[in-house]
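1. Make a model of this:
(chains A and B)
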Amino acid sequence: MNQTVFEPWNDPNEKPLIQFKNVTKRFGDFTAIDDQTFDIFEREFFALLGPSGCGKTTMMRMLAGFEKPSEGQIFLAGQDIAPIPPNKRAVNMMFQSYALFPHLSVWDNIAFGLKRDGMARDAIGDRVSEMLKLTRLEKFAKRKPHQISGGQRQRVALARSLAKAPKLLLLDEPLGALDAKLRQDTQFELMDIQETTGTTFVIVTHDQEEAMTVASRVAVMDHGKIIQADTPQTIYEAPLSRYVADFIGDVNMITGTAKARNPASEPQSDPTPPSTQPPEKHDDAVSGTPRRLDPQPNDAGRWLHDKVLKFVLGPRSDAPKRLPAPDPTRDAPLASAQASPQPVEAAPGGLEIHWHESAAPLIASNGDPALDGQTVTLSLRPEKMSISKTRPDAANVLHGKVVDIAYLGNISTYHVELVDGLKIKAQATNTRRVSQRDITWEDDVWISFRDTAGVVLVE
Amino acid sequence: MRRLTLILVPYLWLLALFLVPFLIVLKISLSDTALAIPPYTPTLDLGAGWQGVKDFLSQLDLENFQFLTTDVLYWKAYLSSLQIAVIATLLTLLVGYPIAYGMANSPDHWRPTLMLLVILPFWTSFLIRVYSWMGILSGEGYLNQFLMWTGLISEPLTILNTPVAVYIGIVYTYLPFMILPIYAALERMDASLLEAAEDLGCSRLQAFWLITIPLSKNGIIAGCFLVFIPTIGEFVIPSLLGGSQTLMIGKVLWEEFFNNRDWPVASAVAVILLLILIIPIILFQRNEQKQREAEG
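-> Numbers count the residues shown, from 1 in each chain, chains lettered A, B, ... in the order given. Below you'll find the model as predicted:
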């Protein structure tokens, strides 16, 4: 299995196709790209992701040759490309507007680059047919760009930029103009084509979902800098900074002071399962609440028994009837977060995060103990949090009230307000129909997550 | 009913201001010259009833058109007008295209000013502007004074009253009609098309030739027709700047009307001119139509 994993960036012997070396680009006073050094490897699908104005388009235009770096160098296959004009580079670009030539047919658009290379007539014909087939446009070869749909135009643009078999293909927001459904299909098509042709793709997008879907590595950019470049999984699951965590997907951020946990003493308290905890201890914690009474008949019941049932069932005993012993998980809502200072299931070591004086610290066993004493942020994905009306057994449990529910069809996002007004998002799959959903607005709920669910961030 | 009225208005306009005058000119062209007021015969006598109309029609003939074919002057005038119009149109295109291109590529905030500068000459009378060219081009004019001052020439050049002066006049006068449609076409062009062409291996010049020119084709065609059509019948410029050497049909027309007082022959000249112009006008309309379809 390991051989099929595509990770050239982890292989020290692999030579990068593109190297940025201390590249800075300024427009007047404005620094669009700030001293960036990074590599892109052959056959990669590299996504530049960031908000508008973060410099991603400038990065791409420098690769295409429409802009020159103010400082530093860009190498393509070991060659400094600064002096090479765009028309001499083995790089092609698919434009955001597609930039199809409106006066030329689909066929001529695709053949345009090949003709400039002085390719033989037959060879051009073959190559164009190949491209038309790849993008499933055979039927539209004779049409003009304004006679085909947006999705078809997008494919023409792709075919045209791929026709010259560039070493590197640049895609500038390639799917921006398509509607959501078509965009999804096209993303997979793009990946297929990238795989079939073996071309290195660099895509610029502000749509994180798109970047995550198509790319082998995603570079999250902000203010002319790449904040983190990693696989989609790493970017999502292990962001290195608050910015990245926040930019990609939904996230909950809880900030507090870190305290290193003792790796040795922890395991002893761990194995204790909650069900074996003596009920007395449990009751102590809720001493404020009135003791629940066992079920007893009321006056009418007593009258009924004495006058009628006595003759059948015999005399009535005043001893209360007892229900089975309470199940601690069912009674959990009555307990508060403070009730379990030593949470269960937590692995030893890592950090405790003290985020609120009245709440139990959150446990992040994957946190770095070296961060002891520092202010850190625990970043938690909503889908890694469970929500329930009863107190669950988990390393971290938070209590709050549902203030909002975003129903997205397949999932629902619950916005839960904690004790001090902090709002947390938790997601649950809608396995039941909405009408059967048991959690609703204003409900008291418990949010729980594992000790490894979050990521401890310093920056 | 309201729709009918709406359609009727432009047709009435055409009828009153184009078709009726044209029919009068056509009628005069079929008449004979006479020493009378108006200087032709026959005139329609409606008092004589149906017989009068019959007499009137029987007296019309194609004599004047036959006359035009016998005198070589007219053919020469037509051909010379066509030639001048074609050359002048090409010259206007050569001057106008770079101006339009420059305007379309200038910063956004400059464009209204540049546009104003192109239209500005229209605010002065056409006649005055042509007269001022006489002042510039004449033997002692500003151009010759300037050239002699720079030492490029020692003798004044003879420009006024030559075809060169006519070309200068036409190019100058009709330049805005060339610039504006080309500018409109270039301004609409997506700048990323040129980047795409470059990206696909074009040099700047190739990109201009393969992308910019084809995409401004409609503007070029429109501009050329807008210059060519009025230039053929141009009278003021050749008569003021061209002197006696320049033969243009507009001038011939004028002379027939006012010097010879031969209205029927002048009308025949005008009718033929109109027939010649109908071809480019139809081509022009077709181009506009095609462009609308391509955009629609």
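2. Return the residues of chain B in contact with chain A.
-> Within chain B, the positions near chain A by C-beta under 8 Å from any C-beta of the partner chain are B:190, B:192-193, B:195-203, B:206, B:210-211, B:214-215, B:217, B:294-295. For the C-beta atoms, the positions are set from N, CA and C on the backbone; glycine is no exception.
3. mind checking which helix or strand the residue most central in space within chain B is in?
-> When C-alpha atoms, centre = their mean is applied to chain B, the residue found nearest the centroid is residue B:230 (1.5 Å). Using DSSP states H and E, residue B:230 sits in helix B:217-232.
4. Can you give me the buried ones in that helix?
-> B:218-232 (16 or more other C-beta atoms under 10 Å in any protein chain shown).
5. Look at residue 233 and say how many residues are nearby.
-> Since no chain was named, I'll use chain A. 10 (other C-beta atoms under 10 Å in any protein chain shown).
6. wait, chain B
-> For residue B:233, the number of neighbouring residues by other C-beta under 10 Å comes to 17.
7. Next one: it relative to chain A, how far apart?
-> According to C-beta to the nearest C-beta, to the nearest Å, residue B:233 and chain A sit 33 Å apart.
8. Leaving out sequence neighbours, find the closest residue to that residue.
-> Closest residue to residue B:233 apart from its sequence neighbours, by C-beta to C-beta, 6 or more residues apart in numbering or on different chains: residue B:250 at 4.9 Å.
9. Could you do residue A:352 as well?
-> residue A:361 (4.0 Å).
10. if I pick the one you found, what's in contact with it?
-> Each residue near residue A:361 by C-beta atoms under 8 Å, 6 or more residues apart in numbering or on different chains is listed here: A:256, A:259, A:352-355.
11. Enumerate the residues of chain A near chain B.
-> Residues of chain A found near chain B (C-beta under 8 Å from any C-beta) are A:64-66, A:85-88, A:91-93, A:95-97, A:99, A:101-103, A:112-113, A:116-117, A:144, A:146, A:160-161, A:164.
12. let's see 6 Å
-> A:66, A:86-87, A:92-93, A:95, A:97, A:99, A:103, A:112-113, A:116-117 (C-beta under 6 Å from any C-beta of the partner chain).
13. quick one: the helices in the stretch 1-150 of chain A?
-> Secondary structure of the stretch 1-150 of chain A by DSSP state H, counting those that start in this stretch: the helices cover A:56-64, A:106-116, A:121-134, A:150-163.
14. With respect to residue A:230, which of those lies nearest?
-> In terms of C-beta to C-beta, the element of those nearest to residue A:230 is helix A:56-64, at 16.1 Å.
15. which helices and strands does that closest one pack with?
-> Counting contacts by 3 or more C-beta pairs under 6 Å, 6 or more residues apart in numbering or on different chains; DSSP states H and E, helix A:56-64 is packed against strand A:168-172, strand A:200-205.
16. For the residue in the stretch 1-150 of chain B positioned nearest to chain A, grab the count of nearby residues.
-> As assessed by C-beta to the nearest C-beta, chain A sits closest to residue B:107 within the stretch 1-150 of chain B, at 14.8 Å. The burial count assigned to residue B:107 is 6, neighbours taken as other C-beta under 10 Å.
17. tell me the pLDDT at it?
-> Reported pLDDT at residue B:107 in the predicted model: 93.
18. what sits against it?
-> Going by C-beta atoms under 6 Å, 6 or more residues apart in numbering or on different chains, residue B:107 touches no other residue.
19. Angles on the backbone of it, please.
-> phi -60, psi 150 (degrees, to the nearest 10).
20. pLDDT averaged over stretch A:157-165 - what is it?
-> The predicted model assigns stretch A:157-165 a mean pLDDT of 93.
21. Contacts for stretch B:32-40, please.
-> The contact list for stretch B:32-40 (C-beta under 6 Å, 6+ apart) reads B:28, B:31, B:41, B:261-264.
22. Which among those count as buried?
-> B:28, B:31, B:262-264.
23. For chain A, which element, helix or strand, carries the lowest mean pLDDT?
-> helix A:279-285 (a mean of 41; mean pLDDT, DSSP states H and E).
24. which SS state does the residue lying closest to residue B:48 once chain neighbours are set aside fall under?
-> Distance criterion C-beta to C-beta, 6+ apart; nearest residue to residue B:48, sequence neighbours excluded, is residue B:55 at 7.2 Å. Three-state call for residue B:55 (DSSP: H, G, I helix; E, B strand; the rest coil): helix.
25. circling back: same list (the buried ones among the contacts of stretch B:32-40) but as a markdown table, adding secondary structure and pLDDT.
-> Shown next, in a markdown table, are the buried ones among the contacts of stretch B:32-40 (DSSP: H, G, I helix; E, B strand; the rest coil; pLDDT from 0 to 100):
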| residue | secondary structure | pLDDT |
| --- | --- | --- |
| B:28 | helix | 91 |
| B:31 | coil | 89 |
| B:262 | coil | 89 |
| B:263 | helix | 90 |
| B:264 | helix | 92 |
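26. my guess is residue B:153 is in a helix, correct?
-> No - per three-state DSSP, residue B:153 lies outside any helix segment and is coil.
27. Could you list every helix and strand in contact with whichever strand or helix holds residue B:166?
-> Residue B:166 is part of helix B:163-187 when elements are defined by DSSP H and E. Other helices and strands packing on helix B:163-187, by 3+ C-beta pairs under 6 Å, 6+ apart, are helix B:72-104, helix B:126-137, helix B:217-232, helix B:236-241.
28. In TSV: those helices, plus distance to residue A:126.
-> What follows is the helices and strands packed on helix B:163-187, written out as TSV (distance: least, C-beta to C-beta, whole Å):
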stretch	distance to residue A:126
helix B:72-104	37
helix B:126-137	60
helix B:217-232	31
helix B:236-241	57
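29. Give me the neighbour count for the residue nearest to residue A:164 when sequence neighbours are not counted.
-> In space, and not counting its chain neighbours, residue A:164 is closest to residue A:113: 4.5 Å by C-beta to C-beta, 6+ apart. A count of nearby residues for residue A:113, using other C-beta under 10 Å, gives 26.
30. residues touching residue A:113, list them.
-> Applying C-beta under 6 Å, 6+ apart to residue A:113 gives the contacts A:163-164, B:200-201.
31. Narrow the residues you listed to just the buried residues.
-> Among the contacts of residue A:113, those classed as buried by 16+ other C-beta under 10 Å are A:163-164, B:200-201.
32. coming back round to it: quick one: closest of the helices and strands packed on helix B:163-187 to residue B:11.
-> So among those, helix B:217-232 is nearest, using C-beta to C-beta, at 22.5 Å.
33. what sits up against that closest one?
-> By C-beta under 6 Å, 6+ apart, the surrounding residues in contact with helix B:217-232 are B:81, B:85, B:88-89, B:92, B:170, B:174, B:177-178, B:181-182, B:184-185, B:277, B:280, B:284, B:287, B:291.
34. go with 8 Å
-> A:103, B:81-82, B:84-86, B:88-89, B:92-93, B:96-97, B:100, B:170, B:174, B:177-186, B:213, B:249-250, B:273, B:276-277, B:280-281, B:283-284, B:287-288, B:291.
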